[in-house]
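sequence and predicted model, in that order:
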Amino acid sequence: MAIQEQLKRYTLTLEGRNDLTAQIQGKDFNIHAKFDENLEDLLESQSSFMWFSGLFNVSAMEISTIVEYDEGLLRELIANLPFFDKQNIIEPEDAYISEFIKGKGYEIVPEIQGTKVNFDKLFEIVKESVKNLQTKISLEEADCYYKPKITSESPDLIKTVEELNKIAGAEIIYEFGENIEILDGTLISQWLSVTDDGSVVLDESGVKDFVDYIGTTYNTFGRTRKFKTSYGVEITVKGGDYGWWLNRPLEVEELIELILAGKKVKREPAYYQKAQQYGEDDIGNTYVEVNLTAQHLFFYKNGKLILETDFVSGNLAKGYGTPTGTYPVQYKQRKATLTGDDYSVPVEYWMPFNRDIGFHDAWWRKEFGRDIYKTNGSHGCINLPTKAAKIMFENIEPGVAVVVYELPGTN
């Protein structure tokens, strides 16, 4: 019959991505019609022209036509379509977050839709199309492609990249005199990771390493110093507890808070103890210079000598010699009482710098300097004339450096 011939000429066009198309010919999968009596009667009453014009618009015909074909052949034809050629297959890829980009931060790299076709889904779509004698299928519209699981519009992905950029956007500036240390996203990004649920995690060990670097680079606590004496001689002074001393645990804690909050700040680190200034010379131009050999001291304030006086230091004969080193003035107190195992002495001015060793007035002494300290010295303190102690007390502040040394040839 003519209808069978027309069905063999049936063509289904499949349109895919990247302008890739293919066709399936009805004759290649043995398409044919199974007739019932109603259709035969109808055909006898219609002209061939009417039949040809309506063959592929069978939905308008109220008949019981059944289109049949070899499903195995159709499956084989579909499997050999160019959509399934390896060279034409691009795997779909999820959207993801880029590595940190200096000046930009983190960005969402869009998903790749790809061109990988779901064979089973396409097969079902084709069968339905053949049944209805449709002549065209858009694989895109028929939703035949595998899809990325995560797209650039994913709320979770957007939330994660926003959190990453907030944290990596932190900028903490430390100024150590002429030296500046800037902590920003370049380094912070190396401490960030994302968990499977999209949470952003800051590696605290990275923060600790950074703080350790700051401490190692700028701590001067207890170090050996070169010191230019008032006698014009440069000496090396060892020992003492003067200098910058970073409070590493507290700095780590506070720095983590700033980073997680994405703060941009200039910051002075947390210190156990500060010095007068940053740099190789952290003593500055306000300090007390104590020459044990000469039993003589100099007090400079803002570079100006405001006090020069003899003193009496610790008794060498009794083993109370005053230790050398560089120390900070701890505090100052009026009308203190100094006590020990065998003494209790009231003083007007008390300025400790090395635990229980300090400057104070020795109102009971009539003479200072010379060799008094060797046999009639103090328990370690620097005994001053009352007038000198008053001047020092009125001008000194906690934290001022006290450099205690011996210098042969100056006695």
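Structure received.

CA atoms for contacts and neighbours, from now on please.
Will do.

what's the nearest residue to Lys390 if we skip its chain neighbours?
What sits nearest to Lys390 in space, not counting adjacent residues and going by Cα to Cα, 6 or more residues apart in numbering, is Tyr349, at 6.7 Å.

can you give me the neighbour number for that neighbour?
Residues lying near Tyr349 (other Cα atoms under 10 Å) number 24.

so what are the sheet partners of the helix or strand harbouring it and their directions?
Assigned by DSSP states H and E, Tyr349 falls within strand 344-354. Applying DSSP bridges, strand 344-354 is found paired with strand 333-339 (antiparallel), strand 357-361 (antiparallel).

hey, C-alpha coordinates of it in PDB?
Listed next in PDB are the C-alpha coordinates belonging to strand 344-354 (Å, rounded to 0.1, in the frame of the first residue of the first chain):
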ATOM      1  CA  SER A 344      63.300  47.300 106.900                       C
ATOM      2  CA  VAL A 345      64.100  50.700 105.600                       C
ATOM      3  CA  PRO A 346      61.700  53.500 104.600                       C
ATOM      4  CA  VAL A 347      62.600  55.500 101.500                       C
ATOM      5  CA  GLU A 348      61.000  58.600  99.900                       C
ATOM      6  CA  TYR A 349      61.600  57.500  96.300                       C
ATOM      7  CA  TRP A 350      61.600  53.900  95.000                       C
ATOM      8  CA  MET A 351      62.100  52.900  91.400                       C
ATOM      9  CA  PRO A 352      62.700  49.100  90.900                       C
ATOM     10  CA  PHE A 353      64.200  47.800  87.600                       C
ATOM     11  CA  ASN A 354      65.400  44.300  88.300                       C
END
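
for it, list every residue counted as buried.
347-354 (16 or more other Cα atoms under 10 Å).

which residues touch that strand?
240, 327-339, 358-363, 389-390, 393, 402 (Cα atoms under 8 Å, 6 or more residues apart in numbering).

now with 7 Å, please.
327-339, 358-361, 389-390, 393 (Cα atoms under 7 Å, 6 or more residues apart in numbering).

now stretch 232-247
So stretch 232-247 is contacted by 215, 219-228, 270-275, 324-328, 401, 405 (Cα under 7 Å, 6+ apart).

from the residues you listed, which ones fall inside helices?
In this view, the contacts of stretch 232-247 that belong to helices under DSSP state H are Gly215.

filter the contacts of stretch 232-247 down to the buried ones and hand me the PyMOL line.
In PyMOL, this line selects whichever of the contacts of stretch 232-247 come out buried by 16+ other Cα under 10 Å:
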select buried, resi 215+219+220+221+222+223+225+227+270+271+273+274+275+324+325+326+327+328+401+405
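
out of the contacts of stretch 232-247, which sit inside strands?
225-228, 271-273, 325-328, 401, 405 (DSSP state E).

from the residues you listed, which is closest to Ile158?
Ranked by distance to Ile158 (Cα to Cα), the ones in strands among the contacts of stretch 232-247 are led by Tyr271 at 39.1 Å.

who's the closest one bridged to?
Leu246.

OK, contacts around it?
245-247 are the contacts of Tyr271 under Cα under 7 Å, 6+ apart.

right, and the helix or strand after the worst-scoring helix or strand of the chain on mean pLDDT?
The helix or strand of the chain with the lowest confidence, counting by mean pLDDT, DSSP states H and E, is helix 48-54 at a mean of 41. Next helix or strand after helix 48-54 toward the C-terminus (DSSP H and E): strand 66-68.

distance between whichever helix or strand comes after that following strand and the chain's centre?
Proceeding N to C from strand 66-68, the next assigned helix or strand is helix 71-79, under DSSP H and E. Helix 71-79 sits 56 Å away from the centroid of its parent chain (Cα atoms, centre = their mean, to the nearest Å).

could you list the buried residues of helix 71-79?
Buried-residue list, helix 71-79, by 16+ other Cα under 10 Å: 74-75, 78.

would TSV of the ones in strands among the contacts of stretch 232-247 with distance to Ala261 and pLDDT be doable?
What follows is the ones in strands among the contacts of stretch 232-247, written out as TSV (distance: Cα to Cα, whole Å; pLDDT from 0 to 100):
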residue	distance to Ala261	pLDDT
Arg225	40	96
Lys226	42	97
Phe227	44	98
Lys228	46	98
Tyr271	22	98
Tyr272	25	98
Gln273	27	97
Gly325	43	98
Thr326	40	98
Tyr327	38	99
Pro328	36	98
Ala401	38	98
Tyr405	48	99
